[in-house]
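**Q** Quick one, structure for this:
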Amino acid sequence: MQERKGLGVYNVVIIGAGTAGLVVAAGTAGLGGRVALVERNKMGGDCLNYGCVPSKALIASARAINSIRHASKWGLDEDEPRFEFETVFESMRSQRAKIAPNDSIERFESLGVDVFLGEARFVSPHEIAVGDQTLRAKNFVIAAGTRARIPPIEGILDVPFFTNETIFDELHKKPKSMIVLGGGPIGCELGQAMGRLGVNTTIIQVHGQILPKEDPEVGDWMATLLAAEGVRVLCSSRAVRLSMRDGKVQLDLVHHPRAEHETMQIVADTLLVSAGRVPNVEKLKLDAAGVKFNLEVLR
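**A** Below you'll find the model as predicted:
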């Protein structure tokens, strides 16, 4: 006889309904296992809501715009593309909404997965609490994902800024200019997309190259490509202060290529923070499960 939802012992309880959690949940249920899935925010996690789906939809529109600008590569007449910034973002959100049902509570419960919404925390190696509910399992999968790291820059909490978790839903009007703080994959792809959408974009990177986890040749090639498209890239640049100036965001930084050290100020309409990631583990009470963790690992 099937246990009631939340009672008894599950084969697997999964914390996090992003890509990893959904795959494990569907796979376990498909093999006949009893599985529970816990999500504190949105089903689909980063990939559906803040990552792969919206970013790649936006990038596809930006690539099409760029192709029109350089149509002579395909033997066509070049022209300045005509588009509305807001409509591009509406298209991205519409495409995301079409995919969302695949990651919904209804779909996964139809597969036999018990879905719980709320913040999970361990109370023992074989128990977690979700609100007032206690779930017991033989095995747990922690797939809680990451969030944008907010670097400890003076004044950063006193200025408005976007992260990948907010820009797709909260940017409703085309800014004339944008500072992108961080030259990793997120900063580069969104910086390039914004540049192609006509936003005057500057990428600030503290390391000596953008995409610092890649080979130097890759970083150099990407920097050259971005510069050719009009995106300004400042490597070896340390942000020291953020403030508001006449309704715009002002970034004070120290730029030190080679042996030189130059203090600079950059002013822009908007700020995108993409300065690394932080694991979503602080509230899980991992000590109660005997799990060690390091919050610095992704910085």
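**Q** ranges for the helices of the stretch 1-150 of the chain?
**A** 19-30, 45-49, 52-69, 85-99, 105-110 (DSSP state H, counting those that start in this stretch).
**Q** between those, which gets nearest to residue 125?
**A** For those, the distance to residue 125 is smallest for helix 19-30, at 18.8 Å, taking CB to CB. No exception for glycine: its C-beta is placed from N, CA and C like everyone else's.
**Q** hmm, back to that, dump the helices of the stretch 1-150 of the chain to a markdown table, plus mean pLDDT, distance to residue 201 and mean neighbour count.
**A** Shown next, in a markdown table, are the helices of the stretch 1-150 of the chain (pLDDT from 0 to 100; distance: least, CB to CB, whole Å; neighbours: other CB atoms under 10 Å):
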| stretch | mean pLDDT | distance to residue 201 | mean neighbour count |
| --- | --- | --- | --- |
| helix 19-30 | 97 | 28 | 19 |
| helix 45-49 | 96 | 23 | 22 |
| helix 52-69 | 96 | 11 | 17 |
| helix 85-99 | 97 | 13 | 15 |
| helix 105-110 | 98 | 37 | 14 |
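**Q** Export those to a markdown table and append columns for distance to residue 235.
**A** Below are the helices of the stretch 1-150 of the chain laid out as a markdown table (distance: least, CB to CB, whole Å):
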| stretch | distance to residue 235 |
| --- | --- |
| helix 19-30 | 31 |
| helix 45-49 | 26 |
| helix 52-69 | 22 |
| helix 85-99 | 28 |
| helix 105-110 | 43 |
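**Q** and residue 198, which of those is closest to it?
**A** Nearest of the helices of the stretch 1-150 of the chain (CB to CB): helix 85-99, 7.2 Å.
**Q** what helices or strands is that closest one leaning on?
**A** helix 45-49, helix 52-69, helix 167-170 (3 or more CB pairs under 8 Å, 6 or more residues apart in numbering; DSSP states H and E).
**Q** Alpha carbons only: can I get the first one in CSV?
**A** By that I understand helix 45-49. Only the C-alpha atoms of helix 45-49 are listed here, as CSV (Å, rounded to 0.1, in the frame of the first residue of the first chain):
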residue,chain,number,x,y,z
GLY,A,45,15.7,26.4,-10.7
ASP,A,46,18.3,28.5,-12.4
CYS,A,47,18.2,26.8,-15.8
LEU,A,48,14.5,27.5,-16.5
ASN,A,49,14.1,30.8,-14.7
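**Q** Show me how far that helix is from its chain's centre.
**A** Counting by CA atoms, centre = their mean, to the nearest Å, helix 45-49 is centred 8 Å from the centre of its parent chain.
**Q** Pretty sure residue 186 sits against residue 274.
**A** Yes. Contact criterion CB atoms under 8 Å: residue 186 and residue 274 qualify, at 4.2 Å.
**Q** Can you pull the residues that touch both of these two?
**A** Taking CB atoms under 8 Å, 6 or more residues apart in numbering as the contact rule, residue 186 and residue 274 both touch residue 164.
**Q** just for the chain, where's the confidence low?
**A** Scanning the chain with the threshold set as pLDDT under 70 gives 1, 257-260, 296-299.
**Q** let's see 90
**A** Scanning the chain for pLDDT under 90 picks out 1-3, 73-74, 76-80, 255-263, 292-299.
**Q** how close does residue 59 get to residue 271?
**A** 20 Å (CB to CB, to the nearest Å).
**Q** meant to ask about residue 289
**A** From residue 289 to residue 271 the distance is 38 Å (CB to CB).
**Q** And residue 111, by the same measure?
**A** Distance, residue 111 to residue 271, by CB to CB: 41 Å.
**Q** Could you do residue 172 as well?
**A** For residue 172 relative to residue 271 (CB to CB), the value is 16 Å.
**Q** So between the two, which is more surrounded?
**A** Between residue 172 and residue 271, counted using other CB atoms under 10 Å, the more crowded position is residue 271 (23 against 9).
**Q** Just the element for that one, please.
**A** Assigned by DSSP states H and E, residue 271 belongs to strand 270-273.
**Q** what packs against that strand?
**A** Counting contacts by 3+ CB pairs under 8 Å, 6+ apart, strand 270-273 packs against strand 177-181, helix 185-196, strand 248-255.
**Q** neighbouring contacts of the first one?
**A** By CB under 8 Å, 6+ apart, the list of residues contacting strand 177-181 from outside reads 151, 161, 187, 190-191, 194, 199-204, 239, 249, 251, 266-275.
**Q** what's the offset of that strand from the middle of its chain?
**A** Counting by CA atoms, centre = their mean, strand 177-181 is centred 16 Å from the centre of its parent chain.
**Q** go on, the second one?
**A** When distances are taken as CA atoms, centre = their mean, helix 185-196 is centred 12 Å away from the chain's centroid.
**Q** Identify each buried residue in it, please.
**A** Across helix 185-196, burial judged by 16 or more other CB atoms under 10 Å covers 186, 187, 188, 189, 190, 191, 192, 193, 194, 195, 196.
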